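> Next come a sequence and a model predicted from it.
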Amino acid sequence: MNATPIADFSKNPVRPPPVLVVVDVWVEAGRDGRTFTYCDQKQLNVRLGDLVQVSLRGRRIQGLVTACRTQPEDASRPLQPVDALLQSAAVGQAWRLWLEEMAQRCHTSPFRMLKAALPPGWLGQRVVTTVKERKLWWVSLPDSTPHLDADLPARQACLVSKLQEFGGGAWQRDLVAAGFQSGIVQALVRRELLVRELRLASDAQPSPVSVNLVDATEAPRTLNSEQRVAIETLQNQPEGGGVLLWGITGSGKTEVYLQLAADELAAGRHVLLLTPEIGLIPQLVDRCRRRFGSRVLEYHSGCKERERVHTWRNSLEAEEPLVIVGTRSAIFLPLSPLGLIVLDEEHDSSYKQESPMPCYHARDLAMARVQREGGRVLLGSATPSLETWIQLAPEGPLALARLQQRISHQPLPPVQIIDMRHELADGHRRLISRALMDRLSKLPEQGEQAVVLVPRRGYSTFLSCRSCGEVTQCPHCDVALTVHGKSTGHQWLRCHWCDYRAPVTTNCGHCGSSAFKPFGAGTQRVLEQLESELEGLRLLRFDRDTTGGRDGHRRLLEQFAAGEADVLVGTQMLAKGMDLPSVTLAAVLAADGLLHRPDLRAGEQALQLLLQLAGRAGRGERPGQVLVQTYSPDHPVILHLVDGRYERFLEEEARERREAGLVPYARACVLRLSGTSASTTATAAAVVAEQLRPGCKDAGWQLIGPAPAPVARVAGRSRWQLLMHGPQASALPLPSGSSLWDGLPSGVSLAVDPDPLQL
Ligand code: ADP
Ligand code: ZN
Ligand code: ZN
């Protein structure tokens, strides 16, 4: 026996109990999964976020490590060991602490936060099998120096010389990603200029050569003085700081992002570029690739699970700094060190996750993240949110940089309001006013294009009865079904809330009348009307129905950019980000649908959208014009749209909300309950309200409700809500932990949405 430890212990009368690393492992079981505790007896060095193999009742299963701690070994309750470490998430300490803090802020468990953070494929069975067993083609130069034919096709010669230049080989999939199709590789293999072998994908480090394969072809532009000042403003911020880049559309914000990103890459730090909608990703990725080549990766819901896991792993393992372009969930990528987080169109409500929990806002997470981990945040917008605007120094932590000139020096297009009441008074009952018709019909001869916004909320096509007024409702939700498809062809009904579909019927189910027709005007109806009224005008439709699929947006925009249509008719997403020089007209069919929503932010959001849309016109040589049809030409939003003074609007809005004690000069929180049984859900809502009332009272908060949600039934579930209002910047008076959930009857779910966007 070894003497040393015994001698040591003899000095200590009490032998310290051996310490065990204990881990909570979440396994997929039932609806929410379950957590079991294991110990890391084999010293696999298991950490938070790792994927591990454990046994449960004699079965081998894989699970996710959701908590790690050390504790004294307890002989009375021996724990089962973790059998194997399948995939290490290896997230850093700072990232983990940030995530835990965010879980607290969102009133959710660290586990739920982690699950929201990890790529959706992380827990899937496929990941493990692919990583362990999948083989990929590895492409490299033969040992003997190949003799290059003079008549080698250019792309083939290019690939060979790239491989020679950087040495070694590359994964074929990286080459394909870099634009060298597999045919090129195969041709070179046939000529014996390259060799190809299958290698285990588990060693699939990004091949060093692939990083240099996509040439960054575009040089940075020479900045104008406003852009230079913007860059300096950010660089002068301390670590953890942020800047609001307030620049009108076309003022060169994206160029500022790109040059700041270039500086970070040069300094060896990663960059996250977030945009609100996946529709905006392709353009931004293209611009980034032209500047940074294949260091640019994507992370958003349009990616396949495998691609998301790939980007996640790359974030952890990359040896070179990356630029990642993504939507809100990309905020979780474990990049380190992270030098810059950009939120483009920071005012956009898509940055907020509303359901399921955690109900987080990417902007808040970004600010908290740089404060913890270092780096800086840049919030870009032509129409900043009121929340961000009141965070400006000296009251708040954000510095301000403004871009007030368009790069093209074109002025912002003038806005012309068309009073639809006059149209009606003149006996013109069409959807499209005479002025707009006139302007549209001249487009082709002038070689110009137009975008036409049909606000989603303003128009939907319902099936309704002209005799008794019956509207076909979704059987599972308290909303009307909308008509989809072409009037000439196949039509069906669809629920926008739960995706229920039903055939169109010809008779009213209530009174049997055959005067049962689509009513209202969706994008589709507008298109049909335009088609019939403007012969020879080529139209393209841009909405959820036509932009589906991975490249739906890109395809449609390319068609439009190539001049295949004169008018692009679409919903909200039309207003965002597109930069097409031949668009000279931006029109809104019915602004009223945007103005009169029962929401605190209706005005702010309407003006943001309309100004954004206006920014689409006149970005090239020719001046633009904006036409807005409305029945409320005196609405403050319309008045500020015409005078273009967004800042004045913010000042007025801020004053009104401060005086009325509304968000953001107060805090709010919504609790949403839903359940299959209407009465159980209502009772549960009342019980939760009683549970919260004393705490609210003590903290000076107001509790409103319970009340049925604005849409009281969705997908067969009744929905109730509670609204809480309290002083600005105060903590939410909610019990910590899971006690709110503990008392819920089964079948009823509860979501806490702190600082909700819809009020
Ligand atoms: P924003 O993001 O503010 O709408 P962009 O960055 O897209 O503006 O710029 C509008 C156009 O001007 C783009 O085509 C961009 O390439 C170009 N641009 C931006 N900055 C400059 C510059 N300093 N010099 C020349 N062109 C520029
Ligand atoms: Zn429904
Ligand atoms: Zn009827």
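Okay, I see it. Residues are numbered from 1 along each chain as shown. Ligands and ions are numbered 1, 2, ... in the order given.

> tell me the phi and psi of residue 614?
In terms of degrees, to the nearest 10, the main-chain angles of residue 614 are phi -60, psi -30.

> Check residue 709 too.
Torsion angles at residue 709 (phi, psi; degrees, to the nearest 10) stand at phi -70, psi 160.

> Just the element for the closest residue to it other than its chain neighbours, please.
Nearest residue to residue 709 in three dimensions, chain neighbours excluded: residue 719, at 3.8 Å (C-beta to C-beta, 6 or more residues apart in numbering). Placement of C-beta: from N, CA and C, glycine included. Secondary structure assignment for residue 719, by DSSP states H and E: strand 717-727.

> who does that strand pair up with?
The strands beside strand 717-727 in its sheet (DSSP bridges) come out as strand 666-675 (antiparallel), strand 702-714 (antiparallel).

> following it, which helix or strand shows up next?
Using DSSP H and E, the helix or strand that follows strand 717-727 in sequence is helix 739-742.

> how about the residues of the protein near ligand 2?
When proximity is defined as C-beta under 5 Å from the ion, the chain approaches ligand 2 at 474, 476, 477, 495, 497, 498, 500.

> now could you export just the CA positions of stretch 747-754 as PDB?
C-alpha atoms of stretch 747-754 as PDB (Å, rounded to 0.1, in the frame of the first residue of the first chain):
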ATOM      1  CA  GLY A 747     -53.500  20.500 -19.300                       C
ATOM      2  CA  VAL A 748     -53.100  24.200 -18.500                       C
ATOM      3  CA  SER A 749     -49.900  26.000 -19.500                       C
ATOM      4  CA  LEU A 750     -48.600  29.300 -18.400                       C
ATOM      5  CA  ALA A 751     -46.100  31.600 -20.200                       C
ATOM      6  CA  VAL A 752     -44.600  34.700 -18.600                       C
ATOM      7  CA  ASP A 753     -43.700  37.500 -21.100                       C
ATOM      8  CA  PRO A 754     -41.800  40.200 -19.400                       C
END
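
> Give the buried residues for it.
748, 749, 750, 751, 752, 753, 754 (16 or more other C-beta atoms under 10 Å).

> and the last one, what is it in contact with?
What it means is residue 754. Residue 754 makes contact with 105, 106, 107, 359, 669, 732, according to C-beta atoms under 8 Å, 6 or more residues apart in numbering.

> Buried ones from these, can you make that a ChimeraX selection?
To isolate the buried members of those in ChimeraX, using 16+ other C-beta under 10 Å:
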select :105,106,107,359,669,732
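
> Rebuild the contacts of residue 754 as CSV, extending it with distance to ligand 3 and pLDDT.
CSV is the format used below for the contacts of residue 754 (distance: C-beta to the ion, whole Å; pLDDT from 0 to 100):
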residue, distance to ligand 3, pLDDT
105, 51, 90
106, 47, 91
107, 47, 89
359, 41, 93
669, 43, 92
732, 48, 90
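
> filter the contacts of residue 754 by proximity to ligand 1?
Filtering the contacts of residue 754 for proximity to ligand 1 by C-beta under 6 Å from any ligand atom leaves nothing.

> so what's the residue of the stretch 201-350 of the chain found nearest ligand 3 up against?
Nearest residue of the stretch 201-350 of the chain to ligand 3 (C-beta to the ion) works out as residue 349 at 37.3 Å. For residue 349, the contact set (C-beta under 8 Å, 6+ apart) comprises 276, 605, 757.

> Distance-wise, check it relative to residue 564.
With distances taken as C-beta to C-beta, to the nearest Å, residue 349 is found 32 Å from residue 564.

> which residues sit in contact with the residue of the stretch 301-450 of the chain found nearest ligand 3?
Ligand 3 sits closest to residue 429 of the stretch 301-450 of the chain, with a gap of 23.9 Å, by C-beta to the ion. Contact analysis of residue 429 by C-beta under 8 Å, 6+ apart lists residue 423.

> which residue ranges form the strands in the stretch 151-300 of the chain?
Here the stretch 151-300 of the chain has its strands, by DSSP state E, counting those that start in this stretch, at 169-171, 195-200, 242-247, 270-274, 296-299.
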